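A.B. asks: Sharing a sequence plus its predicted fold:
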Amino acid sequence: MIRALEKQGLAVTLRTSDQAFANLADLQQFEVVVLANVPRGGDENRGHLTDRQVQMLVSSVRHLGLGLVMLGGPESFGAGGWAGTPLEEAMPVWFTIRNVRIVPKGALVLILHASEMPQGNFWQKKVAEASIRTLKPQDYCGVLVWNGQERWLWPGGIIPVGPNRNQMLAALDRMLPGDMPDFDTTLKMALAGFNRVPDAAIKHTIIISDGDPAPASGAVLRAFRRAGITISTVAVGAHGPAGHRELRRIARITGGKYYVVKNNRALPRIFQREVRQLSRPLIYDEPPPMVPQVQFPHEIVRGITQVPPIRGYVLTRIKDNPLVEVPITVPRPVDRRNALLATWTYGLGRTVCFTTDAGQRWATAWLEWEGYEKFFEQMIRWAIRPGEQTANFILSTRHKQGHIQIVVTALDPEDRFINQLQIVGQMVGPDGSSREFQLRQVAPGRYVGQVEAEEPGSYFLVMSPGQGHAPIRTGVSVPYSAEFRRRETNEALLRQLVQAHPEGAPPGRLVRLPQNEQQMEEFLQLNPFRRDLPPAQRRQGRWYWFALLGLCLFFVDVLVRRVHWDLVAGSRRLWHWWQRWRRGEPQPQEQTLQRLQRRKRQLAQQWQAAAAQRYEPKLPEELQPEPELEKTPQQPATKPPAATGQTEEETTSAEAQSLQRLLEAKKRLWRRRR
């Protein structure tokens, strides 16, 4: 098949199931994924797809438009344990069928013996849980443990799984297996339980033990073989050759398989492989070969009217959904519609189920068919992620404050803006969860939106512009915080520091982490504190202290020059104040007020007396009028002093006071002008 696809111009990458893809980003480099006879794995099952990988695969198909093709085989579909998984939800068919006439029931008994390996009881619960989840609803299951005595884990022993699956899983959580003394008792209980379910066509027993219980009798083992019941044994922490010998003997006589487990993580894979034996009826390979029939034209069978016969395929049940298309069917078994090729659209992606293989086991005649390459090429091209774009979408994204901001500019082939698009999108986070968002138009041909993305990791966005346009895909990486980054040692800086020569001491040395015991001893003897270095000295300026002292002295100098200080009088007043304050004497406030009031009255009287006197300025001698010569001696030039009532001395004093006031007024005028 790989060579046929490469001849048609398709690039094919072949990977085993344990190296399929590591994360969601690794998966986006492919346009379609083909699962060819891949069995179901689990979180503890290394070597196959884990549950997390299956979830990422289904999420990529639904939200990112990835194509998915599943080919048939003995380990595929329901026969591979894929029933009840998210992968079944993404496919156009169910992996289980309801017609019990076609698929007979199976019965499984688990015999659990206390394990002495690390976390042995925990892993026994895990493998029992995985076994119950893998069984079909119509199958039977029972668990035998020893807890003081041999007993069934739930009432009824071997009971149907369908209506009791949840109760079985709850009982497993409370299970505490003990160290059983012998195999015979539990095997007899299992044989009696199988006899109570005669409608079970396939009966199988799995024993997990260290091999130290008493050996099983040959009669009991032969009874299992006559009833067609196989026993597979799993040795965990077996006690030497004796323990291995007994477990190997039980498996050999009953036709089962013998496993030796050294790593407890291998237990789920072993149990799932054993439980799948009950799903073998889902494989229909009864002779003679069957000729598939092309029912209607489809892109996958374009130009193909008939196909070669097949010798077997995996039974499935077509989903009752109008999106499911079944271009090719198989005529047998009769009275039902058997799909050989089924397709449908799941979210943004397409899935295909081809229930037979690609020519290794059941479809060997197809290898000689001339339409082999054409058929598988058209199958892959139909499922491939759509990539034809009829418009030019310019996309930009950025992460800011816990949100991814998206801006899309839509242009047609002639570079004209495309308006009124209803752009909706899906974002798939690092954990596989999805979130819807919508872009709104804010300008001609410009659409913006945002979606919350706080957790670090890779986010993938797919936007659908509407009818006639292919989806727009992009990715955004949200980095971890700086404190979570794993930084490498800056050896260049360390070597530069080592090469620096301190004054008066030898240079340093670069010490690496020890790799062996001898280096560890040398490392422990190393003293990282050097005693041969000179004392460290550092000079620091003190000029600001002297500047502060100079400012203080300048202030004192100005104060001394401008302010008169009477140290003796001031000291005396301070001493008297201190004595009065110590004795508690009140301050002489009233005497001071009386003195001030008395002084105020004196000044008021002086002012009134000065205001009552008439101001008569005295003219200089040169301005005095000349005496009249005509006057007679009997007429004096001036009036006698008696006429005025003032003596000559009083007159002179009044004139002096008037002149003094005039001079003072003149001085005040000069000062104001300055």
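C.D. replies: Cool, the structure landed.
A.B. asks: so what's Glu436 up against?
C.D. replies: 424-427 (CB atoms under 8 Å, 6 or more residues apart in numbering). Bear in mind the C-beta positions are built from the backbone N, C-alpha and C, glycine included.
A.B. asks: let's go with 7 Å and repeat that
C.D. replies: The contact partners of Glu436, by CB atoms under 7 Å, 6 or more residues apart in numbering, come to 424, 426.
A.B. asks: And the one 10 residues further on, by the same measure?
C.D. replies: Under the criterion of CB under 7 Å, 6+ apart, the contact partners of Arg446 comprise Thr409.
A.B. asks: which residues pair with it across the strands?
C.D. replies: On the basis of DSSP bridges, Arg446 is bridged to Thr409, Ala443.
A.B. asks: Relative to Val476, how far out is it?
C.D. replies: The gap separating Arg446 from Val476 is 19 Å, by CB to CB, to the nearest Å.
A.B. asks: With Ala219 instead?
C.D. replies: For Ala219 relative to Val476 (CB to CB), the value is 69 Å.
A.B. asks: Who has more neighbours out of the two?
C.D. replies: Val476 (18 against 9; other CB atoms under 10 Å).
A.B. asks: Against Pro430, how distant is that one?
C.D. replies: Val476 is 11 Å from Pro430, by CB to CB.
A.B. asks: what's the answer for Leu112, then?
C.D. replies: 37 Å.
A.B. asks: Kindly report the same for Arg598.
C.D. replies: 99 Å.
A.B. asks: try Leu553
C.D. replies: Distance from Leu553 to Pro430, by CB to CB: 73 Å.
A.B. asks: pLDDT below threshold where in this protein?
C.D. replies: 41-47, 98-104, 114-120, 237-243, 262-281, 387-391, 482-486, 585-593, 613-655, 673-674 (pLDDT under 70).
A.B. asks: for the most centrally placed residue in it, what are its contacts?
C.D. replies: When CA atoms, centre = their mean is applied to the chain, the residue found nearest the centroid is Glu455 (2.7 Å). Shown in contact with Glu455 (CB under 7 Å, 6+ apart): 429-430.
A.B. asks: Could you confirm it falls within a strand?
C.D. replies: No: read with DSSP: H, G, I helix; E, B strand; the rest coil, Glu455 is coil and lies in no strand.
A.B. asks: For it, give its distance to Val448.
C.D. replies: For Glu455, the distance to Val448 - CB to CB - is 23 Å.
A.B. asks: Can you pull the phi and psi angles for Glu491?
C.D. replies: phi -70, psi -30 (degrees, to the nearest 10).
A.B. asks: Next, count neighbours for it.
C.D. replies: Neighbours of Glu491 using other CB under 10 Å come to 10.
A.B. asks: now swap in the one 10 residues further on and tell me
C.D. replies: Here the neighbour count serves as a burial measure; for His501 (other CB under 10 Å) it reads 9.
A.B. asks: Enumerate every residue touching the closest residue in space to it that isn't next to it in sequence.
C.D. replies: Leaving aside its sequence neighbours, His501 sits nearest to Pro507 (CB to CB, 6 or more residues apart in numbering; 5.1 Å). By CB under 7 Å, 6+ apart, the contact set of Pro507 is 498-501.
A.B. asks: Asn419 now?
C.D. replies: So Asn419 contacts 441, 444-445 (CB under 7 Å, 6+ apart).
A.B. asks: which one of those is nearest Phe417?
C.D. replies: Gly445 (2.9 Å; CB to CB).
A.B. asks: tell me the phi and psi of the closest one?
C.D. replies: Dihedral angles for Gly445 - degrees, to the nearest 10 - are phi 70, psi 10.
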